[in-house]
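>>> Structure, please.
(2 chains)
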Amino acid sequence: MTDSENNGSNQSRRSFLRSGLLASSGMLALATSLKPLLDLEPGDLGNIDSFIQKHYCEMSESDIEKALARIADDVEKRYQLRPDIRDLKPLDGVEFVYALNLSRCIGCRKCVHACVAENNQSRSPEIQYIRVLEMPHGTLDIEKSNHHYNRASVPADSHYYMPVQCHQCKNAPCVKVCPIQATWQQDDGVTVIDYDWCIGCRYCQAACPYWARRFNFTEPGLTKKDVNPNMNYLSNRPRKKGVIEKCHFCLQRTRAGKLPACQEVCPTGARKFGNVLDEHSNVSQILRTKRVFVLKEDVNTLPRFFYYFDERYPRKQASSETSKDGGSA
Amino acid sequence: MKNYLTFVWRCFRTSFVGDWRYQAWMLLLTVTALVGLNAYCKQIVEGLVLTGLSDQVSWGSYISNFTFLVGMAAAAVMLVIPVYVYGHKALHDLVIFGELLTIAVIIMCIMFVTVDLGHPERVLNLGRRMNFPMSMLTWDVVVLNVYLLLNLHICGYLIYCAYNKQEPRKALYIPLVFLAIFWAISIHTVTAFLYVGLGGRPFWNSAIIAPRFLASAFAAGPAFIILTLQVIRRFTSYHVPNGALDMLKRIVTVALTINMFLLACEVFTEFYTDSTHGASAHYLFLGLQGHNALVPWIWTAITLNSVALLILYLPLSRSRSLLNIACVFMIGGIWIEKGMGLIVPGFIPSPLGEIVEYSPTINETLVCLGIWAFGLLLYTILVRVTIPVLSGELASDTAVNNNK
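From the prediction side, this is the model:
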């Protein structure tokens, strides 16, 4: 009786020791595997204010003021420079439209780099919103395009160039698929992203027929000298890793009456940007008089980005436009 | 309540008890799961740059595994329908193993989606603002979580009743079992619609994807159940009748045949038409402009599935070991078909015609292995605990006393 009792207590002691050992080695293993988390930067997962912040569309004026102040502080901490950050609203009676003259574009990619400089994209790895396709004459099939042409001089013979960026579709698949409404269309037709709301599922990237969206796979490599301090909440404020970004028609400029950076830098006047609701704007005139087309019309996304060739249009009008723009190619 | 806590505690204790093979298996799974967790922590710190993903191929092995596992979750339905709709006797006591598999698999699905996110912590925002019903992803979140709850309830209730040696009350679970049948179909359909609904991706934009999902799911899921039952039969005293395995074998044979037929339909449409919309299929099966990273994968999948089907058709498969091989081949083949054969080629070439290939990195693979190990760990524990409860070895004290 005593023997077996002794035995029993011995056994239970042994099993207690064993489970204790098991539990502690398990905990140790768990802690070891979690160790990389020690390298997290303080602001890496976003601070608590941005985490509890409301969706942009639900924010009051004062909420937005608070968010702008927080972002300004954050930018100052990261880049040692005070940004001029605003929240520019869509203007009444304005719908932005882009028209791109394929007869003029020479494929110099100045727009690509001006865009990067304007919009605070990551420089390493470099994120570019505009992709210029080199197309052989005789086709509109973009699968025949060359994305990585690298020539001593452009344009190359028997090729034309087709820059592609976000088309700000009226029937936008990216907006439709976003599970959390982190991307939506504003009244002036521009599809924007709340970088504090995006969960980084990249469903919009899968949905976009124009390959317009870019993901921050790692912390954006942006340094003080590259920061553009003229910032806007829904456009070019600096992003963090794990969110989507894309062309937003330079809202920080265009809603303040300026032209997008890509148009301003274009040496040939191939790019035209404006308000389609104003019948005297150059884009309205182009849409009325040129043979415009949209890319992938069959997917019915109704882009606000139009392409056209202008050689064959009544010579008088075409030549008068050339002289007006100067054609500095 | 106290009785329930005792039940949970006993189940927890039981999950640590087993012979050396069980201990070794559990140790292996635990270590692998922790290695995966470690890899995921690195990914949280560095970002998704540690994966092989790019702006061109923005979904890869995580979403591939997710898609495959949504299919595996159908396993239960292929046991539930014969038992509850047609009153199949041999399978009756085995349905629970299918439902337990569903629980483990759905949890794996949720984990695979989570590791794919750039900001997993913001998932909570779904509670504040949800693009429902427009976004198919919100549908998926809803159907997967409800399906998980349904199965948790059904399994938990039945096992707890067995523990108390009570007859389960039909009203408390039969309606939910029938709801779960429809729900299982819905999780597949909705997951297929995630891809099918994208007009910019012609490779996915095909009505056959949802039926193919179902067919492949009804093959891979029950195949996994067959393997589980073989293990249970070999290592425990729990009774697995031959009739049950024969029934499951018939199910996987039919499902795999339909799956292969649908694949053939798809191949014909893409290649006979020979339009530029077939570029992804061309890339997958034959390679495109000298890029052919996926070609070996898809032909391996087709070979595995064909061999599996051949074994199943021949009288050979009456041998249990050959049946096991057929099941393993089938699961492997369908796993490739759903991942490297469906998700990845949808991104190649990109919508602007650029060809960027994808291959998973080591860190990404470790995360995947970790989730698989965790899922298997979970399933092993669920099965390990359920068997003694169902066979009456593990029962509540009051129930034992009452029976005396």
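
>>> thought residue B:191 was touching residue B:137?
No: counting by CB atoms under 8 Å, residue B:191 sits too far from residue B:137 to count as a contact (9.9 Å). Every residue, glycine included, has its C-beta placed from N, CA and C.

>>> who's in contact with the spatially closest residue to residue A:131 that is not a sequence neighbour?
Nearest non-adjacent residue to residue A:131, counting by CB to CB, 6 or more residues apart in numbering or on different chains: residue A:164, 5.2 Å away. The contact partners of residue A:164, taken as CB atoms under 8 Å, 6 or more residues apart in numbering or on different chains, are A:130-133, A:142, A:210-212, A:295, B:352.

>>> Next up, the contacts around residue B:306.
Applying CB under 8 Å, 6+ apart, the residues near residue B:306 are residue B:260.

>>> and the helix or strand where it lies, which residues are buried?
Secondary structure from DSSP states H and E places residue B:306 in helix B:295-313. In terms of neighbour count (16 or more other CB atoms under 10 Å in any protein chain shown), helix B:295-313 has its buried residues at B:297-298, B:300-302, B:304-305, B:308-309, B:311-312.

>>> now the helices for the stretch 1-150 of chain B?
Taking DSSP state H, counting those that start in this stretch as the test, the helices found in the stretch 1-150 of chain B are B:2-14, B:20-46, B:61-72, B:75-80, B:95-116, B:136-163.

>>> how about JSON lines for those helices, with mean neighbour count, distance to chain A and mean pLDDT added?
Formatted as JSON lines, those follow (neighbours: other CB atoms under 10 Å in any protein chain shown; distance: least, CB to the nearest CB, whole Å; pLDDT from 0 to 100):
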{"stretch": "helix B:2-14", "mean neighbour count": "13", "distance to chain A": "9", "mean pLDDT": "89"}
{"stretch": "helix B:20-46", "mean neighbour count": "17", "distance to chain A": "4", "mean pLDDT": "95"}
{"stretch": "helix B:61-72", "mean neighbour count": "26", "distance to chain A": "9", "mean pLDDT": "95"}
{"stretch": "helix B:75-80", "mean neighbour count": "26", "distance to chain A": "26", "mean pLDDT": "85"}
{"stretch": "helix B:95-116", "mean neighbour count": "23", "distance to chain A": "7", "mean pLDDT": "95"}
{"stretch": "helix B:136-163", "mean neighbour count": "20", "distance to chain A": "4", "mean pLDDT": "94"}
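
>>> The very next helix or strand once past the helix holding residue B:306 - what's its average pLDDT?
Next in sequence after helix B:295-313, counting helices and strands by DSSP H and E, comes helix B:320-338. Averaged over helix B:320-338, pLDDT sits at 94.

>>> And helix B:320-338, what's buried?
Using 16+ other CB under 10 Å as the test for burial, helix B:320-338 gives B:323-338.

>>> just how off-centre is that helix within its chain?
Distance of helix B:320-338 from the chain centroid (CA atoms, centre = their mean, to the nearest Å) equals 13 Å.

>>> Show me what it is packed up against.
When contacts are defined as 3 or more CB pairs under 8 Å, 6 or more residues apart in numbering or on different chains; DSSP states H and E, helix B:320-338 sits against helix B:61-72, helix B:209-235, helix B:242-273, helix B:295-313.

>>> nearest to residue B:20, of those helices?
Among the helices and strands packed on helix B:320-338, the nearest to residue B:20 by CB to CB is helix B:209-235 (12.0 Å).

>>> Identify the residues contacting the residue in the stretch 101-250 of chain B positioned nearest to chain A.
The stretch 101-250 of chain B approaches chain A most closely through residue B:118 (2.0 Å), counting by CB to the nearest CB. The contact partners of residue B:118, by CB under 8 Å, 6+ apart, come to A:198-202, A:215-216, A:241-244, B:47-48.
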